[in-house]
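Visitor: Give me the fold of what follows.
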Amino acid sequence: MVKTKTKFKMKHFLLTLTLTLFIINPIFSQDGGDFRVGLCTGLNYALPVGDDIEDWKDELEDDVDYYDDYEGMDLEASLNPRIGLNFGVTMDYFIADNFALSSGVSYSQKGFVTKSKVEADYYYGGDVEIERKGQFNLDYLDIPVALRFASDDGFEIFGGLMLGMLISDNVNVSAEFDGDNNSYYNEDYWDDYGDEIEDWEDAFDEDPESMVNGFIFGLGYTIDEQFNISLSGQQTGNFGETAYGDDNQNLTIQLRVGFYF
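Guide: The predicted structure follows:
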């Protein structure tokens, strides 16, 4: 089933790309030919979005409310963006004076982070504080195909399609315990918490999607035709199953700096 989905996504991406190039090329085929290559790097702010992500957040809110009903108990819980890195190579082919077809390949860190903190001053005896963290890492090779408008003053706007090829799905779940040991809350148990979870399949019984399609859009500015800074957004398709379903995506904000040769 996973292979079938992957083949369908690749065919859909290639078909869309072919149609886009077929439509664009005759329009801008005059007055072009310049080609530039650059190196870029920056930060990702990968937001988890989607209906099932929202269900997960709602469940965490319900858990917090449940703990608030008990005197001496307090719970904080959240589902958070992952802050990561991106770096790679960009390529622009100018099909007209101010219009270019842009592509390249970039290593890009996405996913999400879960955090919780529980405090109990008497429940099951003793005072305890437990902090849990889940780092759900999805790392991709991103291949965008975009149309870029670059003004003579250096301002740029771009948008198009992208394909993300999964290269890593590492998961790290851990906990820190502080307080009095008792029959339920004890340091030995929490020291070993999450040791058997190393990847997506360990956490959710299924591998994540090996490829994701998406869209990219953004703004940039190039100084002296060499130094570039850009801010962009990426919206990808479902990245895979979680405990609440498979309607889960990343909306990634990228801040990048680059150098054109």
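Visitor: per-residue confidence at Asp191?
Guide: Asp191 is assigned 84 on the pLDDT scale.
Visitor: hang on, I meant Leu19
Guide: We have a pLDDT of 48 for Leu19.
Visitor: One more: Glu61?
Guide: pLDDT, Glu61: 92.
Visitor: Just to be sure, it is in a helix?
Guide: Yes - assigned with DSSP: H, G, I helix; E, B strand; the rest coil, Glu61 falls within a helix.
Visitor: Check the burial of the nearest residue to it once chain neighbours are set aside by counting its neighbours.
Guide: By the measure of CB to CB, 6 or more residues apart in numbering, the closest residue to Glu61 outside its immediate chain neighbours is Ala77, 8.0 Å from it. For glycine as for every other residue, the C-beta is placed from the backbone atoms N, C-alpha and C. Ala77 has 18 neighbours, counted by other CB atoms under 10 Å.
Visitor: do the same with Glu61
Guide: Around Glu61 there are 12 residues (other CB under 10 Å).
Visitor: If you average the pLDDT over stretch 148-165, what comes out?
Guide: 95.
Visitor: just use 896 as the starting number from now, easier for me
Guide: Understood, numbering begins at 896; the last thing we discussed is stretch 1043-1060.
Visitor: Alpha carbons only: can I get that stretch in PDB?
Guide: What follows is stretch 1043-1060, C-alpha atoms only, in PDB (Å, rounded to 0.1, in the frame of the first residue of the first chain):
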ATOM      1  CA  ARG A1043      10.500  33.400  -9.700                       C
ATOM      2  CA  PHE A1044      10.100  37.000 -10.500                       C
ATOM      3  CA  ALA A1045      13.200  39.100  -9.800                       C
ATOM      4  CA  SER A1046      13.000  42.800 -10.200                       C
ATOM      5  CA  ASP A1047      16.000  44.900 -11.400                       C
ATOM      6  CA  ASP A1048      16.200  46.300  -7.900                       C
ATOM      7  CA  GLY A1049      16.800  42.900  -6.300                       C
ATOM      8  CA  PHE A1050      13.300  42.200  -4.900                       C
ATOM      9  CA  GLU A1051      12.000  38.700  -5.600                       C
ATOM     10  CA  ILE A1052       8.700  36.800  -5.300                       C
ATOM     11  CA  PHE A1053       8.400  33.100  -6.100                       C
ATOM     12  CA  GLY A1054       5.900  30.200  -5.900                       C
ATOM     13  CA  GLY A1055       5.400  26.700  -7.200                       C
ATOM     14  CA  LEU A1056       5.500  23.000  -6.400                       C
ATOM     15  CA  MET A1057       7.800  20.900  -4.300                       C
ATOM     16  CA  LEU A1058       8.500  17.300  -3.600                       C
ATOM     17  CA  GLY A1059       9.900  16.100  -0.200                       C
ATOM     18  CA  MET A1060      11.800  12.800  -0.100                       C
END
